[in-house]
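1. Fold the following for me, if possible:
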Amino acid sequence: MCKVIQMKILIVDDEPFLLKTLSVRLSHWGYHVLDAPDGLKGLEVLNQQLPDLLILDKEMPKMNGDEVAKIVRRDLRLRHIPIILISADTENLAISAKACGVPAYLTKPFEPEELRTMIKTLLRHETYGDDFQR
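-> Next comes the predicted model:
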């Protein structure tokens, strides 16, 4: 019998309610969820348990999502991990995401299905690379 491998998603957000809500929803969708309350803890988790995808809040204490994303993109071991940047800052999110090398972003509040579709697309693209047909 084949063993099903759960994809790991790391959520880094300083809002406990959103962190819990996303964790429950992603677990319900079949993902193995890791979480961290700030960017520094997020980097610790990243280095211990390599996730398949990273969801980063843009505005956090200690180290924000932009800073974490830039570190991830510079690290040869981590740079392949797809990142979704989330924020309530609708004006600067697209510019900020692009500057960090993050093509995927969502503004809060967002629809769960929008997040689900984005995750599936990014993980499928990561798995199949340039052969992926949308």
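2. neighbours around Leu19, how many?
-> Neighbour count of Leu19, defined by other C-beta atoms under 10 Å: 19. Every residue, glycine included, has its C-beta placed from N, CA and C.
3. for Glu91, same thing?
-> 9.
4. Could you tell me the backbone phi and psi angles at it?
-> phi -70, psi -40 (degrees, to the nearest 10).
5. What's the separation between it and Thr107?
-> 10 Å (C-beta to C-beta, to the nearest Å).
6. likewise Asp38?
-> Taking C-beta to C-beta, one finds Asp38 at 21 Å from Thr107.
7. I figured Ala88 was touching Tyr105, is that so?
-> No. Ala88 lies out of contact with Tyr105 (C-beta atoms under 8 Å); the separation is 11.8 Å.
8. of those two, who's got more company?
-> More crowded of Ala88 and Tyr105, by other C-beta under 10 Å: Tyr105, with 21 against 12.
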